[in-house]
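> need coordinates for the below:
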Amino acid sequence: MTLRDLLIIGAQMAGTTTLYRDLVENPAIFLPIDKEPGYLSEDSVLTDSGRSAYARHFAGAGSHQICGE
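Got it, this is the predicted structure:
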């Protein structure tokens, strides 16, 4: 199960979208298309099924890539 290696946290209008767009251009980094999935704000991510659903968010990552959200 692949989970994220890094997490971008920021306030609204603080440049996080620009940072996301810059990082997604780097082939060594995998960022899912949905940049704000909301999984970490739900208690279900603490369950096995919730963690599996969260991990599917990173299914497209290559084995050599750093996963981020």
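> list the buried residues for whatever helix or strand Gly50 lives in?
Take DSSP states H and E as the rule and Gly50 turns out to sit in helix 48-56. Neighbour-count burial for helix 48-56 flags 54-55 (criterion: 16 or more other CB atoms under 10 Å). Quick note: C-beta positions are derived from backbone N, CA and C, even for glycine.
> neighbouring contacts of the very next helix or strand once past it?
Following helix 48-56 in sequence order, the next helix or strand is strand 66-67 (DSSP H and E). With contacts defined as CB atoms under 8 Å, 6 or more residues apart in numbering, strand 66-67 is touched by 2-6, 28-31, 58, 61.
> quick check: mean pLDDT across strand 66-67?
Average pLDDT, strand 66-67: 94.
> ok, it: who's next to it in the sheet?
Looking at strand 66-67 with DSSP bridges, its partner strands are strand 29-30 (parallel).
> re the thing from before, now the contacts of strand 66-67: which count as buried?
For the contacts of strand 66-67, a burial check counting by 16+ other CB under 10 Å picks out 2, 4, 29-31, 58, 61.
> now do stretch 32-44: distance from first to last residue.
Chord length of stretch 32-44, first to last residue, is 20 Å (CA to CA, to the nearest Å).
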